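Peer 1: Fold the stuff below for me.
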Amino acid sequence: MRIITGLARGVKLQTLEGDATRPTAERVKEALFSMIQFELEDAHVLDLFAGSGQLGLEALSRGAEKAVFTDISGDATAIIKVNAQKTRLFEKCRVLTMDYKDYIRAAKDKYKFDFIFIDPPYAMKLIPDVLRKISDADILSDDGIIVCESEDGEVLTDDKLNEYYEIIKEAKYGRIYLTLLKRKI
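Peer 2: Predicted coordinates for the structure are as follows:
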């Protein structure tokens, strides 16, 4: 696993041993960033369920201004800090060992993000809950994009989510679905 392009191009990233985290496959990451590459300049990024931090670090490498990384695992946040140092992007990072619910609640009325990456453990089916909490906390900027990585593509599962978000792009790569959302205005 490595940074694909930008300031930290080619830097190899560490990941946790075992199956506690599931890094985004390189071809999926490359496809994702080809979709959003022209909108990253000076962006503020939130990488929830960050694991190794590869999505937020890739965004920073490609021109994002700042990134917040959250993961409930202290081992994961330790790896993110190592990777941020290796990429020389640490000064643009805020790394927190925190549950997504606690972070979203804490960010309410304080932060707005241009990109929010949501890549939770697939079996937990957390994306709809995360999307509800993001809309309730109003932490997505007016033109912000949420990127969901899932195994089934099921992200807008109820009327409230369909009223608040619109799908701007969907793609399937093997068994992985990428769904990009924006707020309906």
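
Peer 1: dump the residue contacts of L181.
Peer 2: For L181, the contact set (Cβ atoms under 8 Å, 6 or more residues apart in numbering) comprises 131, 145-146, 148, 155-156, 165-168. C-betas here are computed from N, CA, C, even on glycine.

Peer 1: which stretch of helix or strand covers it?
Peer 2: strand 176-183 (DSSP states H and E).

Peer 1: now do E166
Peer 2: Under the assignment here (DSSP H and E), E166 is part of strand 165-173.

Peer 1: what does the average pLDDT come to for that strand?
Peer 2: The pLDDT scores in strand 165-173 average 93.

Peer 1: same check, this time on stretch 124-132
Peer 2: pLDDT averaged over stretch 124-132 gives 93.

Peer 1: which residues sit against it?
Peer 2: So stretch 124-132 is contacted by 48, 100, 104, 118, 120, 146, 148, 150, 154-158, 160-161, 164-165, 181 (Cβ under 8 Å, 6+ apart).

Peer 1: Now, of the residues you listed, which are buried?
Peer 2: 48, 100, 104, 118, 120, 146, 148, 150, 155-156, 161, 164-165, 181 (16 or more other Cβ atoms under 10 Å).

Peer 1: Out of the residues you listed, list just those in helices.
Peer 2: With DSSP state H as the criterion, helices contain 100, 104, 161, 164 from among these.

Peer 1: Nearest residue to the third one in space, please, no chain neighbours.
Peer 2: With sequence-adjacent residues excluded and distances taken as Cβ to Cβ, 6 or more residues apart in numbering, L161 is closest to L131, at 5.6 Å.

Peer 1: Does anything pack onto the helix or strand of the chain with the lowest mean pLDDT? Which helices or strands?
Peer 2: Ranking every helix and strand in the chain by mean pLDDT, DSSP states H and E puts helix 26-36 at the bottom, with a mean of 88. Contacts defined by 3 or more Cβ pairs under 8 Å, 6 or more residues apart in numbering; DSSP states H and E place helix 26-36 against helix 54-61, strand 140-150, strand 165-173, strand 176-183.
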